[in-house]
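Asker: Quick one: sequence plus predicted model below, questions after.
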Amino acid sequence: MLDALVSGLINGNTYALIAIGLSLIFGVADLVNFAHGSVFAVGAMLGWWILTALGWPLWAALAAVIILTAVLGLAIERLAVRPLAAAPPIAPLLSTVAVSLILDYSSQLIFSPETRHFPTLLPTSNFRVGGLRFGILDLSILAVSVVSVAALWAFLRYTRLGLAIRATAQDRDAAQQMGVNVGTIQGLSFAIASALAGIGGVLVGMYYGNVNPTIGFNAGLEGFAAATLGGLGSLPGAVIGGLLLGVGESLGVTYLGGSTRQLIAFAVLVGVLWLRPNGLLGSAGVAFREPLTGTFFGGGSAIRFARWQIALLVLVLLALPLAASDYILQIAALVAVFAILALSLTLLAGTAGQISLGQAGLFAIGAYASALLTKEHAWSFWLALPAAGLLAAIIGAVIVAPALSLRGHYVAIVTLGIGAMVTSVLLNAEGLTHGPMGVTNIPPPVLFGYPVVAPRDFYLLALAVLLGCAGLTAGLQRSHLGRAWRAIREDEIAAQSFGVHLASYKSLAFALGAFMAGLGGSLLAHLYTFISPDIFDVTISILALTIVVLGGMSNVLGALAGAAILVGGPELFRPLHDARMLGYGLLLLLLVRFRPQGLLGSQ
């Protein structure tokens, strides 16, 4: 029990460093920095490299990591955030998502994704007090964390720059009128926050004895959970939230097992946003901001297609099996599946303005539902397919219902947490989902006694479902319901004043989007014939979002075009496969900056 408490306090201090950075940026820039966890991972890898490759002492390595990550944070602010200062909040948010992908996959290409042994520089258990064992390493981690937090507190309280940061966080416009250069202060805040994340990365490497470039996502979610628990924008709240989360996780792992650590963090993140979105010490009303999107994605007119042109496109797609090889048809089937997933976001984010970073979780629900129903309960695929969509719709609507009153960044955060929590549940519910082993030998669809296994046949099946989802999405967009969703997207307050019931319309958008994601997941399961939780990580959600931004956020044909480019392209050029996600990040960053309306425009 005491060992778990000490372990929790050490982890909690690290979470606090991440959460402080997130809250600092949120307070100054009014932005949730999704690249913060990636900066943490870069700091960890830089610390490993400096200690092992250069042979520097620990204090010098720590100082170098602080400087390098601070410079990285400043670069992120200058290149990815500041150019979008005049854009709606969705623009810098998506920009930091893109930066996160770029940092994560650049780090993997540079350092390779393998786990690396972090040098053991300090004793780990050379002290004993009663039944409690600890070492100089534990004391050093606590000391570095405490000194870092204390130094930041003194800087913010007693220096002119610190006072300027506090003034900007309290009222950005008023600070600017009083002569504060808010751009410089914003850059300084990113530098400080990134330096704290870098320190946290080195401390985690020291404590666990290993690091790899992929630790950023989970670290970022832990930081989000701690910052949200304490109250986004509140630095004392970040410290308290980090310590509480660290201790809670440590106790949970002690009594429930190590695989529940991430599930506890995700449950805390989603639970706080459900029950107390302002956190313990957050400002009242901070979670109920203006919508993220507004008219950002609607700049420029959408490319219009005549009915005969659309009919010609459908005929070409139907005739593709006559000319394409089996390999091309396999790729085309995969493109169709991801186009269905993208259409779920076209409806939810593009039409209703609800940015979701958790579609992979709903995708997974549909995949697992169809796989388990057909394999273990002998259901026909033709019953399992709609059941998978309905189950995803019901679960999606239920788990997002308590958060329907949220606006702005909080919608993106809660959907990210929900998607990660679903994947974590699938990993831990071994009796139902077979845990990390996944579901194997998923039976193929059978039509009139004929198994749909040939690439041509499965492509036509996926195309039929895709065309149905595309027709449904286009019809809904043209309906009264679609007009109400667009009103919510443009201005929730104005829509509400005209009698639009926000919660009901948002819930319906989430349910219909989840239904289509569930259909796509069902097809994916039978296409792959094997699924496991690691298939449905956050990169699937980011891929779906990049597809719809590329094609046009609310453009149905844009979702098809985006899927063909981003899913079909890398599959056709296998040598580029390792750099695929890096390319997605770069593309998303450029689209948000230079062409937010996408290739085909948005309505």
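Answerer: Looks like it came in fine. Numbers count the residues shown, from 1 in each chain.
Asker: where in the stretch 151-300 of the chain is pLDDT low?
Answerer: The stretch 151-300 of the chain contains residues with pLDDT under 70 at 257-259, 283-300.
Asker: Show me the strands in it, by range?
Answerer: 210-211 (DSSP state E, counting those that start in this stretch).
Asker: any idea how far L93 is from A80?
Answerer: 11 Å (CB to CB, to the nearest Å). The C-beta positions use only the backbone N, C-alpha and C, and glycine is treated the same way.
Asker: now swap in G438 and tell me
Answerer: Distance of G438 to L93, given as CB to CB: 32 Å.
Asker: Looking at these two, which is more packed in?
Answerer: Between G438 and L93, counted using other CB atoms under 10 Å, L93 has the larger neighbour count: 24 against 20.
Asker: got a list of what that one touches?
Answerer: Applying CB atoms under 8 Å, 6 or more residues apart in numbering to L93 gives the contacts L31, V32, F34, L292, I355, H409, A412.
Asker: Could you verify my assumption that the last one touches N33?
Answerer: No. Taking CB atoms under 8 Å as the definition, A412 is not a contact partner of N33, at 11.8 Å.
Asker: Which of those two has more residues huddled nearby?
Answerer: N33 (35 against 25).
Asker: What pLDDT is listed against the more buried one?
Answerer: For N33, the model assigns a pLDDT of 91.
Asker: Now name the helix or strand holding it.
Answerer: Following DSSP states H and E, there is no helix or strand that holds N33.
Asker: quick one, strands of this protein?
Answerer: Residue ranges of the strands in the chain, as given by DSSP state E, are 116-117, 127-129, 132-134, 210-211, 446-447, 450-451.
Asker: need those strands in TSV with distance to A332, can you?
Answerer: TSV is the format used below for those (distance: least, CB to CB, whole Å):
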stretch	distance to A332
strand 116-117	39
strand 127-129	63
strand 132-134	58
strand 210-211	40
strand 446-447	19
strand 450-451	19
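Asker: Nearest to D326, out of the ones you listed?
Answerer: With respect to D326, and counting by CB to CB, the nearest of these is strand 450-451 at 15.6 Å.
Asker: Would you list the strands that the closest one pairs with, along with their directions?
Answerer: Pairing partners of strand 450-451, with direction, according to DSSP bridges: strand 446-447 (antiparallel).
Asker: avg pLDDT for the partner strand?
Answerer: Average pLDDT, strand 446-447: 92.
Asker: Give me the residues contacting it.
Answerer: Here strand 446-447 has contacts from S380, F381, W382, V452, using CB under 8 Å, 6+ apart.
Asker: go on, stretch 427-435?
Answerer: S259, T260, L263, Y368, L372, L426, P436, V439, P533.
Asker: Give the buried subset of those residues as a ChimeraX selection command.
Answerer: Applying 16 or more other CB atoms under 10 Å to these, the buried members can be selected in ChimeraX as follows:
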select :260,263,368,372,426,439,533
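Asker: For the protein, give me the ranges with low pLDDT.
Answerer: 1-3, 125-127, 129-132, 257-259, 283-302, 408, 570-578, 602-603.
Asker: about what we covered before: quick one: which of the contacts of strand 446-447 is most hemmed in?
Answerer: When neighbours are counted by other CB under 10 Å, F381 leads these with 23 neighbours.
Asker: In contact with that residue, which residues?
Answerer: By CB under 8 Å, 6+ apart, F381 lies in contact with S370, T374, P443, P444, P445, V446, H526.
Asker: Next, find the distance separating the residue nearest to M516 when sequence neighbours are not counted from L79.
Answerer: Leaving out its chain neighbours, the residue that sits closest to M516 by CB to CB, 6 or more residues apart in numbering is S344, at 4.0 Å. Applying CB to CB, the value for S344 to L79 is 31 Å.
Asker: Kindly report the same for M178.
Answerer: From M178 across to L79, the span is 28 Å (CB to CB).
Asker: More neighbours: those two, which one.
Answerer: Here M178 and L79 are compared on neighbour count by other CB under 10 Å; more neighbours surround L79, at 13 against 10.
Asker: Which members of the contacts of L93 occur in helices, if any?
Answerer: Among the contacts of L93, the members falling in helices (DSSP state H) are H409, A412.
Asker: Neighbour-wise, which one of the contacts of L93 leads?
Answerer: F34 (28 neighbours).
Asker: Got the phi and psi for that residue?
Answerer: phi -70, psi -10 (degrees, to the nearest 10).
Asker: which residue ranges form the helices in the stretch 1-150 of the chain?
Answerer: Listed in chain order, the helices of the stretch 1-150 of the chain (DSSP state H, counting those that start in this stretch) span 2-29, 36-52, 58-76, 90-111, 136-158.
Asker: helices or strands up against the second one?
Answerer: Counting by 3 or more CB pairs under 8 Å, 6 or more residues apart in numbering; DSSP states H and E, the packing neighbours recorded for helix 36-52 are helix 2-29, helix 58-76, helix 90-111, strand 116-117, helix 182-208, strand 210-211, helix 216-230.
Asker: try 7 Å this time
Answerer: The contact analysis (3 or more CB pairs under 7 Å, 6 or more residues apart in numbering; DSSP states H and E) places helix 36-52 against helix 2-29, helix 58-76, helix 90-111, helix 182-208, strand 210-211, helix 216-230.
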